[in-house]
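Engineer: A predicted structure for the sequence below; I have some questions about it.
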Amino acid sequence: MKDRGYMSGNSNEERLEEILATCIGELLAELSPEARRVVAEHQSPALQESLAAFGGFGSTDFRGSLTLLGSVSLFSQLHPLPSSVTPRDLADWACELVNQMVGRYRNRLLAYNVNLALGVPQSALAQNMRLSSSLRQRRNPICFAIHGAVLEIWLELNIRPDFNLADNPENSKGTALREGSVVFF
Amino acid sequence: MGSKTILIVDDSLTVRQQVSMILKIAGYNTTEACNGREGVEVMNSGASIAMVICDVNMPITNGLEFLETIKGAASAPPVPVVMLTTDGSPELIARAKRAGAKGWIVKPFQSDLLLSAVRRIAGDPGT
């Protein structure tokens, strides 16, 4: 792994991936100040005891999924109540992390007039798990180093051919409420 | 004893534990449901609920369906509901407001703001 130095491209898929990476970076920074984005130079070794969580999403323009993969100890360190977590707690927490990552992604994409619907995340505990992309054979996952371990985030997108993501977010009535906001009616 | 009870409806055990811990430390009682259908069952059980904190994206019955169900029940007492969700969509917020929600909090939440919202809407734990 090396520090952030990746190239971001201009295709819809690359831009959508960078927006997601920004959302994930924001969330992880709130959970662990030392979280930093890194580039996976080679495929990570299979983790002996790992946890994967995945959630699907879709809009009229594209559909996709986000999958998290990390060690059990990494998810434990990110847990908001770390003192007494069980494997069941961690599996649930991994799902909630996916929910919050994809939720933030949906909120950001609203400003681009993309309205995502989210599925309910699922998770799995496993031994010696390794992921690979089914749609993008040569792309690497988004990776964040936290407490000496790496959290892999795999994004799969299936985009309608005639879709074009707007160049800039619009500050229109479609702008979502920010995370942490409280409003009363 | 005598404390107000807050119903937490969320499919995430972690979120239910987090919210419950914050409220219990502040002196509230809590009870939990892991989807909207279970939440409706709690509301129909006769339990004395001072306020509901409810997620939106849940399996079986989602939070907005839960809200619309309990607010549509003619015999239901007016229990205030605050939505706690990752979703910041103006369209969904407007739908919740129309259905009678009292507030909307976007996850991840800050403990002090959540507690302030509960105090504002449900009042102090023992009053």
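Structural biologist: Sure, I can see it.
Engineer: excluding chain neighbours, what is closest to A:Val114?
Structural biologist: Among residues not flanking A:Val114 along the chain, A:Ser59 sits closest, at 5.4 Å (CB to CB, 6 or more residues apart in numbering or on different chains). In this view, the C-beta of every residue, glycine as well, is placed from N, C-alpha and C.
Engineer: residue 62: neighbouring residues, count only.
Structural biologist: I went with chain A, as the question did not name one. The local packing of A:Phe62 (other CB atoms under 10 Å in any protein chain shown) involves 19 other residues.
Engineer: you answered for a different chain; I wanted chain B.
Structural biologist: 20.
Engineer: just the one 3 residues further on next, same as before
Structural biologist: When neighbours are defined as other CB under 10 Å, B:Glu65 has 18 of them.
Engineer: for it, give me its contacts.
Structural biologist: B:Glu65 makes contacts with B:Gly36, as judged by CB atoms under 8 Å, 6 or more residues apart in numbering or on different chains.
Engineer: what of B:Ser48?
Structural biologist: B:Ser48 neighbours (CB under 8 Å, 6+ apart): B:Thr5.
Engineer: show me what contacts the residue in chain B that chain A sits nearest to?
Structural biologist: Nearest to chain A, among the residues of chain B, is B:Thr86, at 2.4 Å (CB to the nearest CB). Applying CB under 8 Å, 6+ apart to B:Thr86 gives the contacts A:Asn99, A:Gln100, A:Val102, A:Gly103, A:Arg104, A:Arg106, A:Asn107, A:Glu179, B:Asn57, B:Val106, B:Lys107.
Engineer: without its sequence neighbours, what residue ends up closest to it?
Structural biologist: A:Gly103 (2.4 Å).
Engineer: how near is the residue nearest to A:Val114 to chain B?
Structural biologist: A:Ser59 sits 12 Å away from chain B, taking CB to the nearest CB, to the nearest Å as the criterion.
Engineer: kindly report the same for A:Asn107.
Structural biologist: For A:Asn107, the distance to chain B - CB to the nearest CB - is 4 Å.
Engineer: A:Tyr112 now?
Structural biologist: For A:Tyr112 relative to chain B (CB to the nearest CB), the value is 13 Å.
Engineer: so that residue touches A:Glu170, yeah?
Structural biologist: Yes. Assessed by CB atoms under 8 Å, A:Tyr112 is found in contact with A:Glu170 at 7.4 Å.
Engineer: neighbour count winner among the two?
Structural biologist: More crowded of A:Tyr112 and A:Glu170, by other CB under 10 Å: A:Tyr112, with 18 against 12.
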